[in-house]
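# I would like to see how this sequence folds:
(one chain, ligands or ions: 1)
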Amino acid sequence: MNQTVVNVKDIHKVFGKRNENQYHALSGVTFDIKAGEFVGIMGPSGAGKTTLLNVISTLDKPTDGTIEIAGTNITSMKQGQLADFRSEQLGFIFQDFNLLENLTIYENIALPLSLQGVPSRKIKPSVVEVAKKLGIETILEKYPVTVSGGQKQRAAAARALVHEPAIILADEPTGALDSKSAKSLMDAMVHLNENHDVSIMMVTHDPLSASYCERILFIHDGSLYKEIHRDGSRSEFHHQILDVLADFAE
Ligand SMILES: Nc1ncnc2c1ncn2[C@@H]1O[C@H](COP(=O)(O)OP(=O)(O)OP(=O)(O)O)[C@@H](O)[C@H]1O
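You can find the predicted model right below:
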């Protein structure tokens, strides 16, 4: 049986103080992500996707409910412990790459390990290995400004992966990429997921990027609206996704 990497149980998030205008951004969301799964989170604007990602990322606390990541209950952890947990167990990929411009691609990828105090002789093999997995081993000495958007996002993916986190959390990773770079990033993510057993949770608005996932959770008005699995081809799954999104437009 597959191990559970993320267990989200009856999560609520209420913004605003009691007696004021309160907003229920999440209302009882429950789901699991198993080790080695590639799960997409979709839903209309304002549905609660970013709020969900923030509470799973430990960047915000749910008002109620529990979240376990790699067997640890993060909802009961203190701030200091959370920072350590985040840097050891989570890998992040954002829309805008967040690479440091004055560091080389190599130094950017090495950053999570440098911050953890890993000696540099141990860092090098890890950086080279992850760069090979993402096909960017030839640009390691370059600076971000000199490489393409697609290469920057692969470097960001390598940085998210170098410390072997329990899960990669991606927020609109293809949002700033042209369609060719987006396709090659999604191919790279599928390769990591299928050949290296990397668990990924990705929030996206883009049905084509989402079609690379194995399973999509649709959030609507702070609740889980629907869940679909990919059984056939990617193009069939793409159509299934578009059908669910059409429900929201009605
Ligand atoms: N700090 C906050 N204070 C009050 N309301 C908030 C706060 N953060 C988010 N919200 C509200 O919670 C709801 C869910 O927001 P969220 O950003 O999670 O949606 P989303 O699905 O990620 O939307 P988008 O696709 O537009 O990014 C929105 O109505 C938003 O206005």
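# and Leu217, helix, strand or coil?
What DSSP: H, G, I helix; E, B strand; the rest coil gives for Leu217 is strand.
# so how far is Ile109 from Lys91?
I think there's a mix-up here, since residue 91 is Gly and not Lys. Counting by Cβ to Cβ, to the nearest Å, the gap from Gly91 to Ile109 is 11 Å. For glycine as for every other residue, the C-beta is placed from the backbone atoms N, C-alpha and C.
# higher neighbour count, those two?
Ile109 (29 against 25; other Cβ atoms under 10 Å).
# Pretty sure that one sits against His163.
No: here Ile109 lies out of contact with His163, judged by Cβ atoms under 8 Å, at a distance of 10.2 Å.
# tell me the secondary structure for the most centrally placed residue in the chain?
Nearest to the geometric centre of the chain sits Leu169, at 1.8 Å (Cα atoms, centre = their mean). Recorded secondary structure, Leu169: strand (three-state DSSP).
# what sits opposite it in the beta ladder?
Phe92, Met201 (DSSP bridges).
# and it, how far is that from Phe31?
14 Å.
# Run a quick neighbour tally on the residue nearest to Ser148 when sequence neighbours are not counted.
Nearest-residue entry for Ser148: Ser181, 6.8 Å, with adjacent residues in sequence omitted and distances by Cβ to Cβ, 6 or more residues apart in numbering. The number of residues packed near Ser181 is 18, by other Cβ under 10 Å.
# which element is Ser181 on?
For Ser181, the host element (DSSP states H and E) is helix 179-196.
# list the buried ones in that helix?
Ser181, Ala182, Lys183, Ser184, Leu185, Met186, Ala188, Met189, Val190, Leu192, Asn193 (16 or more other Cβ atoms under 10 Å).
# Where do the helices of this protein begin and end?
Using DSSP state H, the helices of the chain run over 49-56, 79-89, 105-115, 120-133, 149-161, 179-196, 207-210, 234-249.
# residues making contact with the last one?
By Cβ atoms under 8 Å, 6 or more residues apart in numbering, the residues outside helix 234-249 that reach it are 42-44, 207-208, 210-212, 216, 218, 220, 226, 228, 230.
# Please determine whether that helix lies in contact with the ligand.
No: judged by Cβ under 6 Å from any ligand atom, helix 234-249 makes no contact with the ligand; its nearest approach is 11.2 Å.
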